[in-house]
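> Got a sequence here, can you build the structure:
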Amino acid sequence: MLINKSGNTTVITQEKFTIVELVKKLEALYPKYKNDNIIIVLTALETINAKHVSEFLQLSKIHRKAKHSFVIVSDKLQIEEVSDTLIVVPTQQEAHDLIEMEEIERDLGF
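As a prediction, the model looks like this:
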């Protein structure tokens, strides 16, 4: 797991953990990153499906309730199969763009 922090955004890149192991590790580290926008990069995974990504659902709900962005990056998922509660985009650039838009919306009170 690689962790890169830039400003108020933390990018966590999955390297060798399974999704379940990654979620457990994130939950343990969450207090350190709870005030940042979080991007989870899963592009290194050979196979991934909506069930795997649903493991992030609880963490995402908590984080978004605290008015921070939580975005998953995977180019191997069919977006329409993923829960509407999770935000999944195919590239890191789209994740950063989405966070920027969400920050503007929060600043405007939406």
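> Local confidence estimate at Lys51?
Lys51 is assigned a pLDDT of 87 by the prediction.
> can you tell me how far it sits from His63?
20 Å (Cβ to Cβ, to the nearest Å). No exception for glycine: its C-beta is placed from N, CA and C like everyone else's.
> Could you check which of those two has the larger neighbour count?
Per other Cβ atoms under 10 Å, whichever of Lys51 and His63 has more neighbours is His63, with 21 against 10.
> and that one, what pLDDT?
Per-residue pLDDT puts His63 at 95.
> Then Ile19?
pLDDT at Ile19 comes out at 87.
> what do you get for Asn4?
95.
> Give the bridge partners for it, please.
Val11 (DSSP bridges).
> Go ahead and confirm it touches Asp36.
No - in this structure Asn4 lies outside contact range of Asp36 using Cβ atoms under 8 Å: 11.1 Å.
> nearest residue to Lys61 other than its sequence neighbours?
Thr85 (6.4 Å; Cβ to Cβ, 6 or more residues apart in numbering).
> where does His96 sit relative to Gly7, distance-wise?
The spacing between His96 and Gly7, counted by Cβ to Cβ, is 10 Å.
> So between those two, which is more surrounded?
Neighbour count, other Cβ under 10 Å: between His96 and Gly7, His96 has more, with 19 against 7.
> Contacts only, for the more buried one.
When contacts are counted by Cβ atoms under 8 Å, 6 or more residues apart in numbering, His96 is found next to Thr9, Ile39.
> buried set for the host helix or strand of it?
Using DSSP states H and E, His96 maps to helix 92-108. For helix 92-108, a neighbour-count test (16 or more other Cβ atoms under 10 Å) marks Ala95, His96, Leu98, Ile99, Glu102, Glu103 as buried.
> likewise stretch 34-46?
For stretch 34-46, using 16+ other Cβ under 10 Å, the buried residues are Asp36, Asn37, Ile38, Ile39, Ile40, Val41, Leu42, Leu45.
> Thank you, goodbye.
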